[in-house]
Structure formats: C-alpha cells, structure tokens
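Asks: here is my input; please provide its structure:
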Amino acid sequence: MGRTITKCTGVLVAVLLLPALALAQGNPAKGKELYAKHCAGCHGPMGKGDGPAAKAINPKPNDFTNKAYMAGLKDQYLFDLIQKGGAAVGKSPLIPPFGSKMKDAEIRDLIAYVKTLAK
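Replies: Okay, here's the model as predicted:
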C-alpha cells in the first residue's frame, strides 16, 4: 500500500507541475526579437524601464533587471499580463494586451527572454 501512495503522489505532483513546466519552455533568442518589437519602447533595450516612451508613462515601467522583483513573478502571471494586458491582472491599463498579436508560444519565448534580463 505504501508504494501505491508514493506512486500516486508522484503522479499527482507531475500533473500539477506540467502546466508550469510547459509554460517555462520558451526560446529566449526568439523572445529577444519580440521584446525589441513590442516591449523595448517602454521597458528599454536592456529592460531597465527606461525606454523612450517611459518618460510619458506614470507609473514608470518596471525594471526587469531587478533580480529580487523578477524572482517574485510567476510565469503564469507574466503570461496573463502579456496576453491580456495590465488591467486584467491589476497593473497599469497602459500595458496593452498582446494576445491578438502573439501566439502563446511567442509569449512563452518573450517570458524566457525577459527572465534573462534579471541580474
């Protein structure tokens, strides 16, 4: 009976983690291109929140190079933020929804790239 419980627990953990693992599998190289096209204008070319449009935005865009800040963000949250826009997750309504401009795989690529910016 102990082995059955252990096997069931392992399967349950695997099933619960699959969505997070699948979401984390993006291509940072492809994400870098998407970032330059869709995000750098506000967040800056290096992710410091200092893009050309940032001067006119209040609140200012977040600094993706802040390791402590980025460590607190879950992939699913970032996915929802990018796909649905800021207002959908309680952030600035100035963050547009990119779900109509990017496929889910592209959003995962973008997340993978943005995570490389944290130092």
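
Asks: ok, now how distant is the residue most central in space within the chain from residue 55?
Replies: Geometric centre of the chain, nearest residue: residue 78, 3.2 Å, by CA atoms, centre = their mean. Per CB to CB, to the nearest Å, residue 78 is found 24 Å from residue 55. Yep, even glycine has a C-beta here, placed from its N, CA and C like the rest.

Asks: same deal with residue 115?
Replies: Counting by CB to CB, the gap from residue 115 to residue 55 is 26 Å.

Asks: neighbour-wise, which of these two wins?
Replies: A count of neighbours by other CB atoms under 10 Å puts residue 115 above the other of residue 115 and residue 55, at 18 against 10.

Asks: all strands for this structure, in order.
Replies: Taking DSSP state E, the chain contains no strands at all.

Asks: what score does the closest residue to residue 97 other than its chain neighbours have for pLDDT?
Replies: Once flanking residues are discounted, residue 97 sits nearest to residue 85: 3.4 Å by CB to CB, 6 or more residues apart in numbering. According to the prediction, residue 85 has pLDDT 97.

Asks: again, but for residue 65
Replies: 97.

Asks: that one touches residue 117, doesn't it?
Replies: Yes: counting by CB atoms under 8 Å, residue 65 touches residue 117, with 5.3 Å between them.

Asks: more neighbours: which of the two?
Replies: A side-by-side neighbour count of residue 65 and residue 117, using other CB under 10 Å, places residue 117 first with 20 against 16.

Asks: state the distance from the more buried one to residue 46.
Replies: Taking CB to CB as the measure, residue 117 falls 7 Å from residue 46.

Asks: what residues are shared contacts of the two?
Replies: Common neighbours of residue 117 and residue 46, using CB atoms under 8 Å, 6 or more residues apart in numbering, are residue 65.

Asks: so what's the residue nearest to the centre of the chain up against?
Replies: So residue 78 contacts 111, 114 (CB under 8 Å, 6+ apart).

Asks: how does it look with 7 Å?
Replies: Residues near residue 78 by CB atoms under 7 Å, 6 or more residues apart in numbering: residue 111.

Asks: quick one: it and residue 52, what's the gap?
Replies: 23 Å.

Asks: go on, residue 32?
Replies: In terms of CB to CB, residue 32 sits 18 Å off from residue 52.

Asks: perfect, I'm done here.
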